[in-house]
Every structure is written in C-alpha cells, then in structure tokens.
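Trainee: structure for this input, please:
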Amino acid sequence: MKIGLVGFAGSGKTTVFNAMTGLDVPVGFGGELRLGTVKVPDARIDHLSGVFAPRKTTYAEMRFCDIPGEHGADKKGLSPRALQQIRDQEALCLVLRDFENPALAESADPAGDLDAFAAECAFADLEIVERRLDRARKEGADPVEITAFEKALVALESERPLRLLTEDELDRGFFKGYGLLTDRPLLVVLNRAEERAADGVPETMAERLTRQGAGGLALSARVESEIADLEPEDQAAFLDDLGIEESALARFIRAAYALLDLISFFTVGPDEVRAWTIRRGTRARAAAGRIHTDLERGFIRAEVIPYATFVAHGSETAVKEAGLLQVEGKDYVVSDGDILHVRFNV
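Mentor: Numbering: from 1, shown residues only. Below is the predicted model of the structure:
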C-alpha cells in the first residue's frame with residue numbers, strides 16, 4: 001500500500017512522516033520524494049509464526065511517500081509538480097496544521113486548509129475531465145465513455161469529490177491512467193500541539209470530512225516522534241501518561257485499512273509465514289495472484305482455514321481431522337484472516 005503525505009507549508013507533514021517511519025528526514029529539506037516503509041503489526045502473524053517457527057516471517061507493509069511541499073504562485077497551493085506526484089499515490093494523507101507556529105504569520109486554520117486542498121484537487125481534476133470530454137466528443141468516442149466523463153464533470157462542478165460516487169454512479173474503468181485526485185481515498189491528519197495530543201477530531205471537522213468522503217484522526221507529530229524514539233517497553237507507559245490508548249502509527253494503519261477496505265490473508269509453512277493485503281471482496285483466484293502470477297494462471301482450488309478455526313484447534317492437522325478444512329473454487333470470496341494453501345498447475 002502506497003500512501004502519499006501532503007500538506008501546506010508549516011503543517012508538520014515531514015515530522016508526521018518521520019514519526020510513522022522512524023526515519024529522520026530533515027524538516028524543510030525540499031526537492032525529492034522521501035520514501036519510508038513500515039511493517040503492519042498483526043498479532044495473528046505473531047501467533048502463526050510461533051506455531052510454525054518458520055525461517056522467515058513477513059508482515060504486510062505500508063509505504064509512506066513524503067511529497068515535497070512545493071507551492072504555487074499564491075504560496076498556499078500546490079505546484080503542478082507536486083500535484084503530479086500526488087497522482088502517483090494509491091491513497092492520500094493530508095496533514096493539517098492545528099497548532100500555532102510563531103514562524104508563520106497566519107493562525108492555524110485546518111478547516112480552511114482542508115477546503116483549499118479540496119478545491120485545488122477539484123480544479124486539477126476538472127481540467128483533465130473537460131479536456132478528455134471535449135476530445136472524446138470530437139472523436140466520436142464510445143457513448144458510454146462520454147456519459148461517464150459527463151457524470152464526473154457534473155460532480156466536480158457541484159463540488160462533489162469523485163470518491164463519493166458509487167460504482168453504479170460512475171464507471172471507473174474509463175478513468176484508469178488519469179490519476180484523478182478527488183477519486184483517491186483521503187485520510188486527513190490533524191496535527192496538534194503537544195498539550196492537545198489526546199484530543200479527538202472535533203465534530204465540526206468530522207462533518208467536513210464526511211462531506212469529502214474522507215477519514216480522519218488527530219495526533220501530535222512532535223509527541224509521536226518522542227514516542228518512536230523510546231524503547232518498546234517504555235512506549236506504553238508514556239502513552240498512558242498522556243491519556244492516549246495507542247500510538248498514532250497503529251491508529252493510522254487501522255484508519256487506512258478501513259478507508260481502503262483492506263483485509264489480510266495468510267500463507268504458512270516452515271519456510272515462511274506471511275501476510276498478504278487485498279481488498280475486501282477479492283476472490284480466491286485473484287488473491288492467489290497476489291502470491292504469484294503462476295498461482296492465478298494455473299489455479300485449481302484453495303484450501304482454506306479461517307484464523308479463528310486454526311486457533312481453536314491448534315494445528316492444520318487438527319483442523320483437517322475435525323473436517324473443517326474448506327476446499328474452495330476460484331469464486332470463493334477471501335475473508336480477513338483466512339489461511340490459504342493454493343493448489344495450481346501450469
């Protein structure tokens with residue numbers, strides 16, 4: 001999963017990036033993209049690894065991309081280069097400044113910054129949609145494609161982000177390759193001052209996020225950076241002192257999985273115990289393709305053990321003896337926590 005962090009100058013975006021990844025990228029260092037990868041904690045993988053004692057344990061991963069905070073001529077918006085870099089991301093994380101910064105003349109205005117970002121993305125998408133629609137009409141393109149772009153145009157002109165449109169409302173097959181920003185899943189982070197680290201997202205902001213089809217969470221990047229520097233055994237006590245139940249990284253990962261509707265399935269054995277990330281609703285054959293294209297191409301069947309069933313019986317052998325091993329075809333919808341053995345022939 002590739003998530004692009006974006007934010008206006010002074011939002012603390014790079015500090016959030018450092019807190020999430022454990023890196024130490026200099027704040028204010030412009031120019032190139034900065035990348036960081038984190039393992040997705042999963043107690044189920046820990047348990048399975050303990051049972052199988054594999055030579056290798058592989059967690060799911062989340063890749064963060066710190067997009068340089070270039071600005072346009074108004075010194076508030078994002079440059080064309082930054083907008084293009086944002087298009088390359090699977091999902092977006094907008095960091096909003098919700099603390100006072102003496103180095104900045106303007107007071108914190110997270111609601112205004114959210115509106116400004118949404119407007120920029122809408123204008124950028126509108127330009128693409130209008131240009132393609134004009135060309136499609138001139139070329140006599142497929143009427144279904146023209147209709148799809150007309151629906152997108154109406155939504156954008158109505159200040160409705162495309163992510164709010166259902167699959168029935170918008171045929172997204174025609175939009176592949178365009179990187180429309182308002183169709184990207186959006187997670188908004190309110191970056192707070194240290195004394196407000198435990199405060200949640202205000203109701204008024206939550207309502208704005210709903211209108212944008214976005215998820216949201218609040219944190220203090222400075223506090224999270226301090227937490228990341230502590231030994232694991234000291235982190236829980238520090239969080240407890242602040243009245244915070246879990247780290248921002250754990251909350252961020254959970255929010256991102258919910259926003260993107262992601263689940264994990266597992267493959268197990270003496271060589272490797274591994275988590276694989278797929279979208280909810282993925283069928284067995286496509287899930288097999290995440291492991292290797294040969295498994296999808298030569299798919300015969302999937303032998304499935306739900307994680308809870310495995311834990312209840314303690315081993316694959318015990319599950320089979322209880323008659324609870326599921327043998328599923330290519331159209332089986334994989335559930336969160338399924339342990340899969342794929343049978344194939346190529």
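
Trainee: tell me the bridge partners for Lys56.
Mentor: Glu272 (DSSP bridges).

Trainee: which residues does it contact?
Mentor: For Lys56, the contacting residues are 271-274, taking Cβ atoms under 8 Å, 6 or more residues apart in numbering as the criterion. (Glycine included, C-beta is placed from N, CA and C.)

Trainee: next, format the residues you listed as CSV and append neighbour count, pLDDT and distance to Arg208.
Mentor: CSV is the format used below for the contacts of Lys56 (neighbours: other Cβ atoms under 10 Å; pLDDT from 0 to 100; distance: Cβ to Cβ, whole Å):
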residue, neighbour count, pLDDT, distance to Arg208
Asp271, 11, 97, 48
Glu272, 14, 97, 44
Val273, 26, 98, 42
Arg274, 21, 98, 39
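
Trainee: closest one to Asn101 out of those, please.
Mentor: When the contacts of Lys56 are compared for distance to Asn101 (Cβ to Cβ), Arg274 comes out closest, at 42.9 Å.

Trainee: can you verify that closest one is assigned to a strand?
Mentor: Yes - using DSSP: H, G, I helix; E, B strand; the rest coil, the secondary structure at Arg274 is a strand.

Trainee: mean confidence for stretch 233-250?
Mentor: Model confidence over stretch 233-250, given as mean pLDDT, is 84.

Trainee: and that stretch, what's buried?
Mentor: Residues of stretch 233-250 classed as buried under the neighbour-count rule (16 or more other Cβ atoms under 10 Å) are 235, 239, 242, 244, 247-249.

Trainee: measure Ser315 to Glu272 for me?
Mentor: As for Ser315, its distance to Glu272 is 18 Å (criterion: Cβ to Cβ, to the nearest Å).

Trainee: now Glu169
Mentor: Counting by Cβ to Cβ, the gap from Glu169 to Glu272 is 42 Å.

Trainee: now do Tyr59: how many residues are near it, please.
Mentor: By other Cβ atoms under 10 Å, 17 other residues sit near Tyr59.

Trainee: for it, which non-adjacent residue is closest in space?
Mentor: Nearest-residue entry for Tyr59: Lys39, 4.0 Å, with adjacent residues in sequence omitted and distances by Cβ to Cβ, 6 or more residues apart in numbering.

Trainee: please list all residues in contact with that neighbour.
Mentor: Under the criterion of Cβ under 8 Å, 6+ apart, the neighbours of Lys39 are 59-61.

Trainee: likewise for Val95?
Mentor: The contact partners of Val95, by Cβ under 8 Å, 6+ apart, come to 5-7, 11-13, 16, 189, 191, 221.

Trainee: quick one, phi/psi of Glu61?
Mentor: The phi/psi pair for Glu61 (degrees, to the nearest 10) reads phi -130, psi 150.

Trainee: am I right that it is in contact with Met1?
Mentor: Yes - using Cβ atoms under 8 Å, Glu61 makes contact with Met1 at a distance of 7.4 Å.

Trainee: ok so, going back, can you tell me which of the contacts of Lys39 comes closest to Ile278?
Mentor: Nearest to Ile278 out of the contacts of Lys39 is Ala60 (Cβ to Cβ; 10.0 Å).

Trainee: run through who's touching stretch 317-334.
Mentor: The contact list for stretch 317-334 (Cβ under 8 Å, 6+ apart) reads 263, 265, 278, 281-285, 287, 299, 301-306, 309-310, 313, 316, 340.

Trainee: now do stretch 219-237
Mentor: Contacts made with stretch 219-237 from outside it, assessed by Cβ under 8 Å, 6+ apart, are listed as 12, 15-16, 18-20, 22, 95, 99, 189-194, 196-197, 238-239, 242, 247-249, 251-252.

Trainee: just checking, Gly179 touches Arg87?
Mentor: Yes - here Gly179 reaches Arg87: they are 3.2 Å apart, a contact under Cβ under 8 Å.

Trainee: do you know how far Ala141 is from Arg132?
Mentor: The spacing between Ala141 and Arg132, counted by Cβ to Cβ, is 9 Å.
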